[in-house]
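>>> A structural model of the following input is requested.
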Amino acid sequence: MALAAIALVIVALAAAALLYGKGSSGVHAKPPELSALVIDKAPIAVPAVAFTDASGAKQRLAEFRGRYVLLNLWATWCAPCVKELPALARLQAAVPSTKLTVLTVNVGHGNAIDTAAFLKAHDAASLPVLVDSDSSFIRSFGAFGLPLSVLIDPQGREIARAEGPADWDAQNAIAYFRALTRAS
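Numbering: from 1, shown residues only. Predicted structure coming up:
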């Protein structure tokens, strides 16, 4: 009888470890290259915000539900932001945008034309030209510094955040995002 009880406890602990290891947000163990990416304890509702695209049209963040989104807030005057833009472009090239969309939103004071030229000049022309003209992203996401990257799940909830730069295009980082998007 005691052995059966012990076996039942071991099975329960193993099941809890499996569930806890994956987490309720579906985020797997992350590689050291993504040490800046902090997994949220529980998914957080994402604010209803919009940005302006290259054509001047407003797009809502909610329009990207159904896939993972890596939202990156950056500015032209932010050296760490500029340094990681090419890495974000390479991450997007490595993971299908139907599974993970990298949205880099310029929260500085530039317009779409200036942002497009800047991205092109910094080896990141493949990234979408997105501008936060009214600083709603900074306020809504509580950004105290840049870059700020927020990982959003397919249900539109924040599941992780990186305050500061990360090695988004490292082999292990790309493998992490591929595994994350396969699990969804």
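>>> going forward, measure contacts between C-alpha atoms and count neighbours the same way
Noted.
>>> How many residues are close by residue 75?
By other Cα atoms under 10 Å, 20 other residues sit near residue 75.
>>> So for it, what's the nearest residue that isn't a sequence neighbour?
Spatial nearest neighbour of residue 75, excluding adjacent residues (Cα to Cα, 6 or more residues apart in numbering): residue 108 at 4.7 Å.
>>> again with residue 137
Closest residue in space to residue 137, ignoring its immediate chain neighbours: residue 49 at 6.7 Å, by Cα to Cα, 6+ apart.
>>> now residue 34
Counting by Cα to Cα, 6+ apart, residue 34 lies nearest to residue 166, which is 5.7 Å off, once chain neighbours are set aside.
>>> isn't that neighbour right next to residue 36, touching?
Yes: using Cα atoms under 8 Å, residue 166 is in contact with residue 36, at 6.0 Å.
>>> partners of the helix or strand residue 104 falls within, with directions?
Using DSSP states H and E, residue 104 falls within strand 100-106. Strands adjacent to strand 100-106 in the sheet, as given by DSSP bridges, are strand 68-74 (parallel), strand 130-131 (parallel).
>>> What are the contacting residues of the longest one?
It stands for strand 68-74. Contacting residues not belonging to strand 68-74 are listed as 81-82, 99-108, 137-138, 146-154, 181 [Cα atoms under 8 Å, 6 or more residues apart in numbering].
>>> still on that earlier bit, give the residue from residue 166 and residue 36 that has the larger number of neighbours.
Applying other Cα under 10 Å to residue 166 and residue 36 shows that residue 166 carries more neighbours, namely 24 against 17.
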